[in-house]
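Chemist: Predicted model follows, preceded by the sequence.
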Amino acid sequence: MRPINIGLTEAQRCDVIELLNHDLADTYLLLIKTRKYHWDVVGPQFRTLHELWQEQYEALAVAVDDIAERIRTLGGYPIGTAEGFLRYATLKEHPNDLPAATEMVGRLILDHEHLIRNLRHHVDKCSATLHDEGTADFLIGLMKTHEEMAWMLRSFIDGEAIAGRPQPSNRAVAQPATL
Ligand SMILES: [Fe+2]
């Protein structure tokens, strides 16, 4: 096999590959959890959440592929077994329960935030310790994808809270000044 000579030592590349395999496993688990809720959700917001989660698990499938191919780019091999994903993942599954829709949204927010914190730490490690700016840049993009997904889920929860509150009377709503 040809040596890979891109300015990183073999030890640096191995450390980056290891870290990427953890992100791959967590992203795969979050894909599975999002897709399961896409199937299971019931209630008045069924269609909204069913469709939002389809968009999100499709985006997570793209992210999984991108992480695996980044690992191959660095000469490594991505995990490709369910056993390996479970061993490498830091997210927890919730088997055998069927929570209400808002609880599902809340759990996914926590999972995205967990991944965002991991990714922020990995960006720092790749750039400051391992000097792999290419992977740091890649992980920043991935972190922003999770930040956007978490925002959409938070907006859903916030919208539910507003919908349950009594509406202010017209008198209480600030009117724009007339010109
Ligand atoms: Fe579907």
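Modeler: Right, received. Where do you want to start? Numbering: from 1, shown residues only.
Chemist: could you pull out the helices for this structure?
Modeler: Along the chain, the stretches classed as helices by DSSP state H are 10-40, 46-73, 82-88, 101-124, 133-163.
Chemist: Can you give me the neighbour number for the closest residue in space to Trp53 that isn't next to it in sequence?
Modeler: Excluding the flanking residues, the one nearest Trp53 by CB to CB, 6 or more residues apart in numbering is His38, at 3.8 Å. C-beta here means a position set from N, CA and C on the backbone, and glycine is covered the same way. Residues lying near His38 (other CB atoms under 10 Å) number 18.
Chemist: And the lowest mean pLDDT element among the helices and strands of the chain?
Modeler: helix 133-163 (a mean of 94; mean pLDDT, DSSP states H and E).
Chemist: thinking again about what came up before, Pro3 is nearest to which of the helices of the chain?
Modeler: helix 10-40 (8.7 Å; CB to CB).
Chemist: Who are the packing partners of the closest one?
Modeler: Contacts defined by 3 or more CB pairs under 8 Å, 6 or more residues apart in numbering; DSSP states H and E place helix 10-40 against helix 46-73, helix 82-88, helix 101-124, helix 133-163.
Chemist: gap between the longest one and the chain center?
Modeler: This points to helix 133-163. Relative to the mean C-alpha coordinate of its chain, helix 133-163 is positioned 7 Å out (CA atoms, centre = their mean, to the nearest Å).
Chemist: Any stretches of this structure with poor pLDDT?
Modeler: Within the chain, the stretches with pLDDT under 70 are 1, 164-179.
Chemist: circling back: so the residue nearest to Trp53 is in contact with Glu55, correct?
Modeler: No. Using CB atoms under 8 Å, His38 is not in contact with Glu55; the gap is 9.6 Å.
Chemist: hmm, back to that, how about the helices of the chain in JSON lines, adding distance to Arg2?
Modeler: Shown next, in JSON lines, are those (distance: least, CB to CB, whole Å):
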{"stretch": "helix 10-40", "distance to Arg2": "13"}
{"stretch": "helix 46-73", "distance to Arg2": "14"}
{"stretch": "helix 82-88", "distance to Arg2": "27"}
{"stretch": "helix 101-124", "distance to Arg2": "27"}
{"stretch": "helix 133-163", "distance to Arg2": "19"}
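Chemist: For the closest residue in space to Cys126 that isn't next to it in sequence, give me its contacts.
Modeler: The shortest distance from Cys126 to any non-neighbouring residue, by CB to CB, 6+ apart, is to Ala136 (4.1 Å). Shown in contact with Ala136 (CB atoms under 8 Å, 6 or more residues apart in numbering): 123, 126-127.
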